[in-house]
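[1] below are the sequence and a predicted model; questions follow.
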Protein chains: 2
Amino acid sequence: MYRQIAEDLRAQIEVGQLPPGARLPTEIELRETYDASRHTIRDAIKVLTTQGLVETRPGQGTFVVERISPFVTTLTQVVGSDGSGEGSPYIQEVVAKRRLPRASDVRVEIRRVDHRIARELQLNVEDTVVSRHQRRYIDEKAWSLQTSFYPMWIIEQGAARLIQASNIEQGTVDYLKTAIGAEQAGWRDTLTVRMPDSDEARFFGLPDYGRVSVIETRRTAFDRQGRRIRLTVSVYPADRNEFAVNVGDIPADAEDPASSAPGQETGG
Amino acid sequence: MYRQIAEDLRAQIEVGQLPPGARLPTEIELRETYDASRHTIRDAIKVLTTQGLVETRPGQGTFVVERISPFVTTLTQVVGSDGSGEGSPYIQEVVAKRRLPRASDVRVEIRRVDHRIARELQLNVEDTVVSRHQRRYIDEKAWSLQTSFYPMWIIEQGAARLIQASNIEQGTVDYLKTAIGAEQAGWRDTLTVRMPDSDEARFFGLPDYGRVSVIETRRTAFDRQGRRIRLTVSVYPADRNEFAVNVGDIPADAEDPASSAPGQETGG
DNA sequence: GGGTATTTGTCCGTATGTATT
DNA sequence: AAATACATACGGACAAATACC
């Protein structure tokens, strides 16, 4: 029965009778229209909440969620030097899509690696790495969390700026090349989807439980000798991010539709 | 208070006191241990359910979920002819990872395109396409749903097998090349995360509401002249799938860890 | 197959707290 | 300060699914 009510409300939302941002009738009003107890009404709304169709705000009401205009990250793209790098490469990437980027200061730590990072960077579990953490915003909205891990030998070879808590404007990929000659020859990304932990949920402003999951990308970068020079772990909320992969020869107008066309309609 | 109970149970799960597959105390037992009403206990368990930590089975109890061994799809990979193709390319890809593949028969339809497909294939909304739909299983478990759309001119040029409801063993990419000389020069993938619709939830056996979302990939393929020759929409449940992207020069042992190493430990 | 006990699912009622307007 | 609306907690009753005898 609460399913029936949820289904009925869902239909109203999808038809457009309840457009995005609209307020649903209050629980008491719904209780009367469906002749059910308030608890049953709440169960129905909880279904819609976990499906991401509505959100409740205490003291205000229940509202149809408005979809956030997604930002598309192209994983195969080499922007300047590195599509997911620090500093200007990241800024350039976002500006190219006509969005407003902002990044927090970098938080630098020297840590022992855990088991998983050790495996991906081919280190031993006793080894230490430099981690550089940054929070990123687009259009003043929390957009992603990023942490890069660099093996210690990179710093020992002379890349001292990695342990300074300041942005590397040229981008870390470019810096590593000029500083110690470690050129990024390629990388491997792995994408997984999971539920956010409490820190992530707070930072991204995600509803306390349920609904929005996060996408975690892990980028292992290699130099020309096949050495692991970096592992970058990025976390993106799934409700405002998409990813693209370009392979082989594709037309220029298909490579990055958002950069060339302002709106949804590309006029094909 | 229900958050407190949920937090307490979550801690027990993460410490390993309640290992994957274990049954939690019944609601009545928990009611006594926490001195709360059954409703409050149920709210606590609902939190864990939406976080994907536990699942409830009517008549049996509440169990700690067991993580499914994920299948990694490499989006940049060219297996035989096409990593996400029909027929033997798909089979090869799964067998290479030491898993057991199975695919349903192909369901073929001739349909008018909707607005979104028209845009991605650069067709008009009145145009028709051939759609080929397939359900895929790995280790006898529902794994993905795939639908490919081909513009009508491809069939008119002689690719008649596309409108036959049978697998194309050599793979459709290879078939299009040999049949009408339309060689796949490249493609663009777009990945989004969303909640499953009811059909998808049923097919994948996902919990009725909440938790597990699906990953939708849309692959637009181009021939040497930059023409759109195919749009493939695939839907994967996020709890058993990962994606990988390889770019540039990377060491052979990093390209596809699952194919070369049997277990989790690659011995780095 | 049938019956019974167990366990979760659904529905009702009520009261109070908290956030917002 | 008051009104509104959702959040949390208590209580009970019956239904549905499963397991076991």
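    Right, received. Where do you want to start?

[2] skipping adjacent residues, who's closest to A:Phe105 in space?
    Wrong residue type there; residue A:105 is Asp, not Phe. Of all residues not flanking A:Asp105 in the chain, A:Ala165 sits nearest, at 6.7 Å (Cβ to Cβ, 6 or more residues apart in numbering or on different chains). For every residue, glycine as well, the C-beta is placed using N, CA and C.

[3] so the one you found sits against A:Arg107, correct?
    Yes - counting by Cβ atoms under 8 Å, A:Ala165 touches A:Arg107, with 6.6 Å between them.

[4] which bits of the stretch 101-250 of chain A sit near chain B?
    Contact residues (Cβ under 8 Å from any Cβ of the partner chain) of the stretch 101-250 of chain A with chain B: A:118-119, A:121-123, A:184-195, A:209-211, A:213, A:215, A:220, A:222, A:224, A:226, A:238, A:242-250.

[5] go again using 7 Å as the cut-off
    Contact residues, the stretch 101-250 of chain A versus chain B (Cβ under 7 Å from any Cβ of the partner chain): A:118-119, A:122, A:185-193, A:195, A:209-210, A:213, A:215, A:220, A:222, A:226, A:238, A:242-250.

[6] sitting in strands, which of the residues you listed do you find?
    In strands, defined here by DSSP state E, the members of those are A:185-193, A:215, A:220, A:222, A:242-248.

[7] of these, just the buried ones, PyMOL syntax please.
    PyMOL command restricting these to the buried ones, with burial defined by 16 or more other Cβ atoms under 10 Å in any protein chain shown:
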select buried, chain A and resi 185+186+187+188+189+190+191+192+193+215+220+222+242+243+244+245+246+247
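
[8] residues contacting A:Lys112?
    If you look again at residue A:112, you'll see it is Arg, not Lys. Neighbour list for A:Arg112: A:126, A:128 [criterion: Cβ atoms under 7 Å, 6 or more residues apart in numbering or on different chains].

[9] thought the residue nearest to A:Asp105 was touching A:Glu109?
    No - between A:Ala165 and A:Glu109 there is no contact under Cβ atoms under 7 Å: 9.5 Å.

[10] those strands in the stretch 51-200 of chain A, which residues are they?
    Here the stretch 51-200 of chain A has its strands, by DSSP state E, counting those that start in this stretch, at A:54-57, A:61-64, A:71-74, A:101-103, A:107-112, A:128-138, A:141-151, A:184-194.

[11] with mean pLDDT and distance to A:Glu29 added, can I get these in JSON lines?
    As requested, the strands of the stretch 51-200 of chain A are exported to JSON lines (pLDDT from 0 to 100; distance: least, Cβ to Cβ, whole Å):
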{"stretch": "strand A:54-57", "mean pLDDT": "89", "distance to A:Glu29": "14"}
{"stretch": "strand A:61-64", "mean pLDDT": "92", "distance to A:Glu29": "10"}
{"stretch": "strand A:71-74", "mean pLDDT": "92", "distance to A:Glu29": "37"}
{"stretch": "strand A:101-103", "mean pLDDT": "86", "distance to A:Glu29": "42"}
{"stretch": "strand A:107-112", "mean pLDDT": "94", "distance to A:Glu29": "48"}
{"stretch": "strand A:128-138", "mean pLDDT": "93", "distance to A:Glu29": "38"}
{"stretch": "strand A:141-151", "mean pLDDT": "93", "distance to A:Glu29": "32"}
{"stretch": "strand A:184-194", "mean pLDDT": "94", "distance to A:Glu29": "37"}
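
[12] could the ones you listed go into TSV alongside distance to A:His39?
    What follows is the strands of the stretch 51-200 of chain A, written out as TSV (distance: least, Cβ to Cβ, whole Å):
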stretch	distance to A:His39
strand A:54-57	15
strand A:61-64	15
strand A:71-74	39
strand A:101-103	44
strand A:107-112	45
strand A:128-138	40
strand A:141-151	34
strand A:184-194	31
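
[13] mind listing what the helix or strand where A:Ile229 lies pairs with, with the direction of each?
    Per DSSP states H and E, A:Ile229 falls inside strand A:228-237. According to DSSP bridges, strand A:228-237 forms sheet pairs with strand A:141-151 (antiparallel), strand A:214-223 (antiparallel).

[14] residue numbers of chain A in contact with DNA strand D?
    Within chain A, the positions adjacent to DNA strand D are A:24, A:26-28, A:39, A:42, A:56-62 by Cβ under 7 Å from any atom of the strand.

[15] ok, of those residues, which come out buried?
    Neighbour-count burial (16+ other Cβ under 10 Å) applied to the residues of chain A next to DNA strand D gives A:24, A:27, A:42, A:56, A:62.

[16] OK, contacts around the most centrally placed residue in chain A?
    Nearest residue to the geometric centre of chain A (Cα atoms, centre = their mean): A:Tyr236, 1.5 Å. A:Tyr236 makes contact with A:144, A:214-215, according to Cβ under 7 Å, 6+ apart.

[17] export those residues as CSV, with columns for distance to B:Gly16.
    Formatted as CSV, those follow (distance: Cβ to Cβ, whole Å):
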residue, distance to B:Gly16
A:Ser144, 31
A:Val214, 24
A:Ile215, 27
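
[18] from the residues you listed, which is closest to DNA strand C?
    A:Val214 (23.9 Å; Cβ to the nearest atom of the strand).

[19] ok, the residue lying closest to the closest one once chain neighbours are set aside - contacts?
    Residue nearest to A:Val214 in three dimensions, not counting chain neighbours: A:Pro196, with 4.7 Å by Cβ to Cβ, 6+ apart. Taking Cβ under 7 Å, 6+ apart as the contact definition, A:Pro196 lies against A:204, A:206, A:213-214.

[20] min pLDDT across those residues, which one?
    Checking pLDDT across these, the minimum falls on A:Leu206 at 83.

[21] so what's that one up against?
    A:196, A:212, A:237.

[22] without its sequence neighbours, what residue ends up closest to the last one?
    Of all residues not flanking A:Pro237 in the chain, A:Phe204 sits nearest, at 4.5 Å (Cβ to Cβ, 6+ apart).

[23] same check on A:Ser37?
    Closest residue in space to A:Ser37, ignoring its immediate chain neighbours: A:Arg31 at 6.8 Å, by Cβ to Cβ, 6+ apart.

[24] whichever helix or strand the one you found is part of: how far from the chain's middle?
    Under the criterion of DSSP H and E, A:Arg31 resides in helix A:27-34. Helix A:27-34 sits 38 Å away from the centroid of its parent chain (Cα atoms, centre = their mean, to the nearest Å).

[25] buried residues in that helix?
    A:27, A:30-31, A:34.

[26] isn't the residue nearest to A:Ser37 right up against A:His39?
    No - the pair formed by A:Arg31 and A:His39 falls short of the contact definition of Cβ under 7 Å, at 9.4 Å.

[27] using CSV, write out every CA atom in stretch A:36-55.
    Once non-C-alpha atoms are left out, stretch A:36-55 reads as follows in CSV (Å, rounded to 0.1, in the frame of the first residue of the first chain):
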residue,chain,number,x,y,z
ALA,A,36,-3.7,6.0,5.3
SER,A,37,-1.8,6.6,8.5
ARG,A,38,0.9,9.1,8.7
HIS,A,39,3.4,6.3,9.2
THR,A,40,2.4,4.7,5.9
ILE,A,41,2.7,8.0,4.1
ARG,A,42,6.2,8.4,5.6
ASP,A,43,7.1,4.9,4.3
ALA,A,44,6.0,5.9,0.8
ILE,A,45,8.0,9.1,0.9
LYS,A,46,11.0,7.2,2.2
VAL,A,47,10.8,5.0,-0.9
LEU,A,48,11.0,8.1,-3.1
THR,A,49,13.8,9.5,-1.0
THR,A,50,16.0,6.5,-1.4
GLN,A,51,15.3,6.5,-5.1
GLY,A,52,16.6,10.1,-5.2
LEU,A,53,13.3,11.5,-6.5
VAL,A,54,12.4,13.7,-3.5
GLU,A,55,14.1,15.2,-0.5
